[in-house]
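K.L.:
Sequence and predicted structure, then a few things I'm wondering about:
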Amino acid sequence: MNFEVHFYLALLRVKTLRIIGKMTNFRDTQHLTLSSEKWKVDLVYESGYSAKKTIEAKEGDILIELSEHREWHSCLQISLEDGNSKHICIVTGIIGSTHLQKSSVDEKGHTVKIDYDNLVLSLGQHFISIDLNQLKLNWKLEPDLAEVFEFYDLDNDYLLRGELEIHRIDKAGNVKWSFSGADIWVNLEGRPEVEITENSIKLIDFKSDEYEIDFEGKELNTSYNKGGYQH
């Protein structure tokens, strides 16, 4: 399959998923609290489609704009406590859907994480890192041609699941490699798209085709599901 056909099919999947799988997330407000030995971070995400807007920038609040066109879109309010003081930072210009999620025993992936003095977030089309001491961007990326979802810890890097590609990104915001399959990385059967084992990374795509790659993004094995979703 050439790139143009692959890209066209992927966009069809993206549109389909946004219609049938994500519309319930478009009109919402989400809350999540994270804490570490040093930091307590309260997050409030407000969709651009929310019927009632509650997040407004006030004097003294710090603004981080993700959109180059300075459009509001969805936004995220970060309330930060370090034991001595409290600060508010508002991230605006979030394009695409976002689900606030921290890792757990059963779910290794997260869309937000306190990593020492940094807050790492997957927000719509952006993957960003914020310096919590100064409340400013360390870096922001749009590594995928569509949206990005959860990320995983991989050695001293992050493994990020995008709609079209899997990306390994270091903590300085450099993309080390990206890996694409025959379809998008969203599985409608509810199977985990990403599993990191001791020696490899196992992936499942939209059609339940299975891939195994090494930690350098090189493909080791592929198993195509002939009975899965057919386009």
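P.N.:
Perfect, thanks for sending it. Numbering: from 1, shown residues only.
K.L.:
how about the nearest residue to residue 223 once chain neighbours are set aside, what does it touch?
P.N.:
Nearest non-adjacent residue to residue 223, counting by CB to CB, 6 or more residues apart in numbering: residue 210, 4.4 Å away. The way it works is simple: take the backbone N, C-alpha and C, and place the C-beta from them, glycine included. Residues in contact with residue 210, defined by CB atoms under 8 Å, 6 or more residues apart in numbering, are 202-204, 221-223, 225.
K.L.:
Quick one: buried ones out of these?
P.N.:
Listed as buried from the contacts of residue 210 are 202-204; burial here means 16 or more other CB atoms under 10 Å.
K.L.:
List the ones among those residues that fall in strands.
P.N.:
202-204 (DSSP state E).
K.L.:
any weak-confidence spans in this protein?
P.N.:
Scanning the chain for pLDDT under 70 picks out 1-27, 70-72, 226-231.
K.L.:
quick one, phi psi at the residue lying farthest from the centre of it?
P.N.:
Distance from the C-alpha centroid of the chain, by CA atoms, centre = their mean, peaks at residue 84 (30.6 Å). With angles defined as degrees, to the nearest 10, residue 84 sits at phi -120, psi -30.
K.L.:
wait, residue 35 sits on residue 80?
P.N.:
No: taking CB atoms under 8 Å as the definition, residue 35 is not a contact partner of residue 80, at 11.0 Å.
K.L.:
shared neighbours of these two, anything?
P.N.:
Counting by CB under 8 Å, 6+ apart, the residues touching both residue 35 and residue 80 are residue 41.
K.L.:
ok, so of the buried ones among the contacts of residue 210, who is nearest residue 93?
P.N.:
Distance to residue 93 across the buried ones among the contacts of residue 210 (CB to CB) is lowest for residue 203, with 30.2 Å.
K.L.:
I'd like the distance between the residue nearest to that closest one when sequence neighbours are not counted and residue 219.
P.N.:
Nearest-residue entry for residue 203: residue 211, 4.3 Å, with adjacent residues in sequence omitted and distances by CB to CB, 6+ apart. Taking CB to CB, to the nearest Å as the criterion, residue 211 is separated from residue 219 by 6 Å.
K.L.:
More neighbours: the two, which one.
P.N.:
Between residue 211 and residue 219, residue 211 has the larger neighbour count (other CB atoms under 10 Å), namely 22 against 12.
K.L.:
My guess is that one contacts residue 222. True?
P.N.:
Yes: if you go by CB under 8 Å, residue 211 and residue 222 touch, sitting 5.3 Å apart.
K.L.:
Surely residue 189 touches residue 208?
P.N.:
Yes: between residue 189 and residue 208 there is a contact under CB under 8 Å: 5.9 Å.
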